[in-house]
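Q: Here's a sequence, model it:
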Amino acid sequence: MNIIPRKHLELNLIIAIAVFCLPFLLYAYLLFPEVKVLNFWIFRWETIGYNKISILMYQFFLQFYVLCFLSVWFLSIKATWRYVILLNIIYFWYRTVLGVSIEFSIRSNIHEISILVGVIYCLFLYFLNGKIKLFSIQNISPESYDIIRILTQSIKEKNIFSNKQNFKKNKNTDGNSKYTSLIKRIKHLEILLDNSNKIPFFHGSVKLRKKNDLFIWVMLLITPFLLILFNFFPSDSKTIDIYIIHYKTNFPSSRIFAYYFLNKVYNLLLLSVWFFTTKNILKYGIFFNIIIAVFQMAQALDNTESKVDEGELITALPIMIPILLTFLLLHRVIKYKSKNDILNEEIEEEIQKVLTTINAMEQDENNLVAELISLRENQAKLSKATYQEELLRIKGAIERKIASE
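A: Numbering: from 1, shown residues only. Model (predicted):
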C-alpha cells in the first residue's frame with residue numbers, strides 16, 4: 001500500500017492556511033501612520049518618492065502579496081504553462097526593486113538589476129520546486145465546501161480508526177483448531193480493511209483540455225499588460241470618459257483610480273485561473289483571496305467611501321469563519337485518515353503472516369500424507385521392524401501437530 005506521509009498531508013494544510021492568510025498582507029500598511037516622516041525612538045525615516053509612509057508601505061505589500069501567491073501557484077502545479085507564471089514573477093520583482101530605487105534615489109543600472117533579481121528568484125523557485133516536489137503530493141480534496149459533510153467525514157475516520165486500532169489484541173479467535181482460528185482471523189482482518197471511508201479524499205492534478213491549456217497561456221501572457229494601462233488615464237482629472245462610460249472617481253485622479261482598480265482586476269483574473277485549475281485544499285485559501293479582491297473592487301467603485309482597503313475584512317467575516325472552521329475540521333480528517341492508512345498497511349502485513357502460517361501448516365500436512373503414502377507403497381521392500389518404526393514416527397508427527405493446534 002502506498003501511504004502518503006502525514007507530514008505531507010499537513011504540509012498541504014499549512015500551505016492552504018498560508019494562502020488563506022495572504023490577503024492580510026494587503027492591510028499591513030494600515031499599521032503605519034499617514035505621515036511623511038516617521039520618528040521611532042532613535043530611528044527616523046522620511047519618505048522621498050511618496051507623500052505618506054503608509055502609501056509607500058501599501059505599494060510594497062501589494063507587490064509582496066502578488067509575489068507570494070504567484071510563487072505558491074508555481075510550486076503547486078505541474079502543467080507546462082506554469083513557466084509563464086515566472087514571467088509575471090519577474091515583472092513584479094522589477095516593479096518592487098524599481099519602487100525601492102525611487103525611494104532611496106538609486107539610479108545606476110536599476111532596470112538591469114531589477115530583472116536580474118527577478119531571474120535569480122525564479123531560479124530559486126525552480127530549484128525549490130525540484131526539492132520539495134509539492135506538485136507531486138496527492139492533495140486533500142474534499143468535494144465541496146459543505147462543513148457538515150467534512151465533519152461527518154471526520155467522525156467516520158475516527159470511528160474507523162477506533163475499530164482498527166485494537167486488531168492486534170484480537171489474535172486469539174475461538175475455534176476447534178488453530179487452522180480454523182487462522183481462517184477466522186483472516187476474515188476478520190479483511191472486514192477491517194473493507195471498513196473504510198468511501199468519500200473521495202485524495203485527488204491528483206486537474207487534467208485540462210488543450211483548448212483550456214491554450215487559454216491559460218494567453219491569460220498569463222496578457223494580464224500583465226493590465227498593470228500598465230493606468231498610464232493612459234489622465235492625472236489631472238477625476239472623471240473617466242470612455243465612449244459612453246462617464247464615471248467620476250473618489251480618488252485624487254483617474255490615473256490613481258485606474259492603478260488601484262486594474263491591480264485588483266489583475267489579482268482577480270489570476271486567482272480565478274488558479275482556482276479553476278486546482279482541485280485540492282488550496283481552493284479554500286484561493287476562494288477567500290478572490291472574495292477579498294471582489295470586495296476591494298466594489299469598494300473602489302463606491303463613491304460614498306473616502307478610503308479603500310479598510311472594511312473588506314469585516315465584510316468578509318461571515319466567509320472567513322466557515323473557512324477557518326473547515327481548516328480545523330480538515331486537520332482532524334488528516335489525523336485519522338493518516339492513522340487509518342498506517343493501520344491498513346499493518347493489517348495487510350498481518351494477513352500475509354497468517355496466510356504464510358496457513359501455507360506452512362498445509363505444507364506440513366501434505367508432507368506427512370506423502371510420507372505415509374510412500375511408506376505404504378514401499379511396505380513390501382521394508383522389513384516388518386523398519387516398517388513399524390517409520391509408521392510410529394509418522395504417527396507421532398501427526399499427534400504432535402494435532403496437539404500444537
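
Q: Roughly how far does the closest residue to A28 other than its chain neighbours sit from T326?
A: Once flanking residues are discounted, A28 sits nearest to F61: 4.9 Å by Cβ to Cβ, 6 or more residues apart in numbering. (Each C-beta comes from the backbone N, C-alpha and C, glycine too.) Between F61 and T326 the computed distance is 26 Å (Cβ to Cβ, to the nearest Å).

Q: now do L128
A: Distance from L128 to T326, by Cβ to Cβ: 28 Å.

Q: pretty sure L128 is touching L75, no?
A: Yes: counting by Cβ atoms under 8 Å, L128 does reach L75; the two are 6.8 Å apart.

Q: Compare L128 and T326 (neighbour count), which wins?
A: T326 (20 against 14; other Cβ atoms under 10 Å).

Q: tell me the mean pLDDT over the helix or strand the more buried one falls within?
A: For T326, the host element (DSSP states H and E) is helix 317-377. Helix 317-377 shows an average pLDDT of 70 in the prediction.

Q: following whichever strand or helix holds I240, which helix or strand shows up next?
A: Using DSSP H and E, I240 falls within strand 239-242. Later in the chain than strand 239-242, the nearest helix or strand by DSSP H and E is strand 245-248.

Q: Now whichever helix or strand comes after that next one: buried residues?
A: From strand 245-248 onward toward the C-terminus, using DSSP H and E, the following helix or strand is helix 254-276. For helix 254-276, a neighbour-count test (16 or more other Cβ atoms under 10 Å) marks 254-255, 257-271, 273-274 as buried.

Q: got it, and stretch 51-64?
A: 52-63.

Q: how about the residues you listed, which pair is most distant?
A: Across those, no pair lies farther apart than K52 and Q63, at 17.3 Å, counting by Cβ to Cβ.

Q: So I286 versus A18, what's the distance?
A: Distance from I286 to A18, by Cβ to Cβ: 12 Å.

Q: And the two? Which one has more around it.
A: Using other Cβ under 10 Å, the more surrounded residue of I286 and A18 is I286, with 24 against 14.

Q: So what pairs up with I242 in the strands?
A: I245 (DSSP bridges).

Q: Okay, and the residue nearest to A28 sits in which element?
A: helix 53-75.

Q: Quick one: list the elements packing against the helix or strand just after that helix.
A: Per DSSP H and E, the first helix or strand lying C-terminal to helix 53-75 is helix 82-103. Other helices and strands packing on helix 82-103, by 3 or more Cβ pairs under 8 Å, 6 or more residues apart in numbering; DSSP states H and E, are helix 53-75, helix 110-132, helix 210-222.

Q: Kindly export the second one (C-alpha atoms) in CSV.
A: Taking Å, rounded to 0.1, in the frame of the first residue of the first chain, the C-alpha atoms of helix 110-132 are listed here in CSV:
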residue,chain,number,x,y,z
ILE,A,110,18.4,49.8,-11.8
HIS,A,111,16.4,48.3,-14.7
GLU,A,112,19.0,45.6,-15.3
ILE,A,113,19.4,44.9,-11.5
SER,A,114,15.6,44.6,-11.2
ILE,A,115,15.3,42.0,-13.9
LEU,A,116,18.4,40.2,-12.5
VAL,A,117,16.8,39.9,-9.1
GLY,A,118,13.6,38.5,-10.7
VAL,A,119,15.6,35.9,-12.7
ILE,A,120,17.6,34.8,-9.6
TYR,A,121,14.4,34.4,-7.6
CYS,A,122,12.8,32.3,-10.4
LEU,A,123,15.9,30.1,-10.4
PHE,A,124,15.5,29.7,-6.7
LEU,A,125,11.8,28.7,-7.1
TYR,A,126,12.8,26.2,-9.8
PHE,A,127,15.4,24.7,-7.5
LEU,A,128,13.0,24.6,-4.6
ASN,A,129,10.3,23.0,-6.8
GLY,A,130,12.6,20.2,-7.6
LYS,A,131,13.5,19.6,-4.0
ILE,A,132,10.0,19.7,-2.3
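
Q: returning to that earlier point: can you list the residues that contact the strand holding I240?
A: Contact partners of strand 239-242, identified using Cβ atoms under 8 Å, 6 or more residues apart in numbering, comprise 233, 246-249, 254, 257-258.

Q: Tell me the buried residues in it?
A: Buried residues in strand 239-242 (16+ other Cβ under 10 Å): I240.

Q: Which members of the contacts of strand 239-242 define the maximum pairwise distance?
A: H246 and A258 (15.0 Å).

Q: ok, back up a step: output the contacting helices and strands for the helix holding F61.
A: By 3+ Cβ pairs under 8 Å, 6+ apart, helix 53-75 packs against helix 6-21, helix 82-103, helix 110-132, helix 254-276.

Q: Distance check, the residue nearest to A28 against I55.
A: Distance, F61 to I55, using Cβ to Cβ: 11 Å.

Q: if I pick I256, what's in contact with it?
A: Taking Cβ under 8 Å, 6+ apart as the test, what I256 contacts is 230, 235.

Q: Am I right that R44 is in a helix?
A: No: applying DSSP: H, G, I helix; E, B strand; the rest coil, one finds R44 to be strand, outside a helix.

Q: So what's the residue count around it?
A: 9.

Q: thought it was touching V37?
A: Yes: look at R44 against V37 with Cβ under 8 Å: they come within range, at 6.9 Å.

Q: Just name the shakiest helix or strand of this structure by mean pLDDT.
A: strand 202-203 (a mean of 45; mean pLDDT, DSSP states H and E).

Q: And the pLDDT at F20?
A: 89.

Q: Distance check, the residue nearest to it when sequence neighbours are not counted against S76.
A: The shortest distance from F20 to any non-neighbouring residue, by Cβ to Cβ, 6+ apart, is to G285 (3.7 Å). Distance, G285 to S76, by Cβ to Cβ: 11 Å.
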